[in-house]
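Enquirer: Quick check, what structure comes out for this input:
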Amino acid sequence: MWIVLAIFFAGGGLMSAFVKNVGRRARIGAPAASRSYFGVDGLNSTDGGVTFDVVEPPGSPADKAGMVGGDIVTSFDGRAVTDESQMTDLLRQTPIGKTVEVIYTRDGNFYHTQLTTVSDAALNQLRDAFSNRPEGKGFLGFESFRTKRIRIPETRTYGVRMDYVEANGPADLFGIRKGDIITDFDKVPIRTSDELLSRVRRAIPRSVVEVILLRDGQVVKIPVTIGRAR
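Expert: Numbering: from 1, shown residues only. Sure thing, here's the model as predicted:
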């Protein structure tokens with residue numbers, strides 16, 4: 001009898017461990033709960049809200065809404081935004097495909113816009129479409145890690161300073177110099193190095209874009225024929 005009871009309890013223990021392990025594997029293998037996205041690369045807490053370095057991929061909700069890297073989101077769908085964790089929670093609570101109002105700041109000014117959130121799968125489709133674009137990606141002739149974000153509210157100076165310009169690249173050939181502060185690229189405000197790189201890559205090779213920059217305190221407008229990234 002004691003032998004039978006021992007076998008019964010041992011079997012019960014093994015069955016319990018098996019069920020726990022199956023449940024654990026199921027949780028690990030289960031897909032993450034879907035949530036809304038608005039198409040920016042990373043979120044970072046900052047004074048006054050949440051910011052990001054770049055809007056991508058092209059055609060994302062934030063891109064369509066006119067936002068750029070460096071903008072600070074202060075309100076999302078009627079809720080004040082205080083930090084990255086809260087912003088992520090708001091996106092989890094927002095149904096995919098919902099149109100929301102976003103309030104953000106740029107250069108100290110407030111802006112209102114609307115965007116329609118999308119799924120991660122939809123963003124991946126946009127990324128794939130851009131990666132496989134037959135005309136290729138644009139090339140300017142600079143290195144994003146050899147630039148510096150410039151923010152001087154006292155003189156209203158905002159942009160990205162070029163600390164290196166590749167010899168004989170498009171930037172060099174059309175007159176962009178080391179030390180120039182790029183403020184706009186193809187009519188898009190440039191406030192971060194990653195946003196500049198992203199906008200250059202979006203540009204169609206051999207197309208002409210206008211680059212607006214500050215040089216020695218003067219505004220200079222330069223038309224540049226974009227190269228093709230190798």
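Enquirer: mind listing the strands in this structure by residue range?
Expert: 44-46, 49-51, 72-76, 79-80, 99-106, 109-116, 138-139, 147-152, 157-162, 181-185, 188-189, 208-215, 218-225, 227-228 (DSSP state E).
Enquirer: Among these, which comes closest to Gly66?
Expert: Gly66 lies closest to strand 109-116 among those, at 5.9 Å (CB to CB). The way it works is simple: take the backbone N, C-alpha and C, and place the C-beta from them, glycine included.
Enquirer: mind listing what that closest one pairs with, with the direction of each?
Expert: When pairing is defined by DSSP bridges, strand 109-116 lines up against strand 99-106 (antiparallel).
Enquirer: how far out from the middle of the chain is the strand it pairs with?
Expert: Between the centre of strand 99-106 and the centre of its host chain there is 15 Å, according to CA atoms, centre = their mean, to the nearest Å.
Enquirer: Identify all contacting residues around it.
Expert: The contact list for strand 99-106, computed with CB atoms under 8 Å, 6 or more residues apart in numbering, reads 38, 48-49, 65, 67-68, 70-78, 94, 110-117, 189, 191.
Enquirer: buried stuff in that strand?
Expert: Of all the residues in strand 99-106, those buried under the rule 16 or more other CB atoms under 10 Å are Val100, Val102, Ile103, Tyr104, Thr105, Arg106.
Enquirer: so can I have JSON lines of these showing pLDDT?
Expert: Formatted as JSON lines, the buried residues of strand 99-106 follow (pLDDT from 0 to 100):
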{"residue": "Val100", "pLDDT": "97"}
{"residue": "Val102", "pLDDT": "98"}
{"residue": "Ile103", "pLDDT": "98"}
{"residue": "Tyr104", "pLDDT": "98"}
{"residue": "Thr105", "pLDDT": "98"}
{"residue": "Arg106", "pLDDT": "98"}
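Enquirer: re earlier: buried subset of the contacts of strand 99-106?
Expert: 38, 49, 65, 67-68, 70-77, 94, 113, 115, 117, 189, 191.
Enquirer: Give the full set of residues in contact with Asp186.
Expert: So Asp186 contacts Arg199, Ala203, Val209, Glu210, Val211 (CB under 8 Å, 6+ apart).
Enquirer: again, 7 Å this time
Expert: By CB atoms under 7 Å, 6 or more residues apart in numbering, the residues touching Asp186 are Arg199, Ala203, Val209, Glu210.
Enquirer: so what pLDDT did it get?
Expert: Asp186 is assigned a pLDDT of 97 by the prediction.
Enquirer: Quickly note the distance from it to Pro57.
Expert: 17 Å (CB to CB, to the nearest Å).
Enquirer: what does Val220 give?
Expert: Computed as CB to CB, the Val220 to Pro57 distance reads 30 Å.
Enquirer: which one of the two has more residues nearby?
Expert: Pro57 (20 against 16; other CB atoms under 10 Å).
Enquirer: just to revisit the earlier point, relative to Thr88, which of the strands of the chain is closest?
Expert: Of all the strands of the chain, strand 49-51 comes closest under CB to CB, at 9.1 Å.
Enquirer: who touches the closest one?
Expert: Leu43, Asn44, Gly70, Asp71, Ile72, Val73, Thr74, Val81, Asp83, Glu84, Met87.
Enquirer: Which pair of these spans the longest distance?
Expert: Taking CB to CB, no two of these sit farther apart than Gly70 and Asp83, at 17.4 Å.
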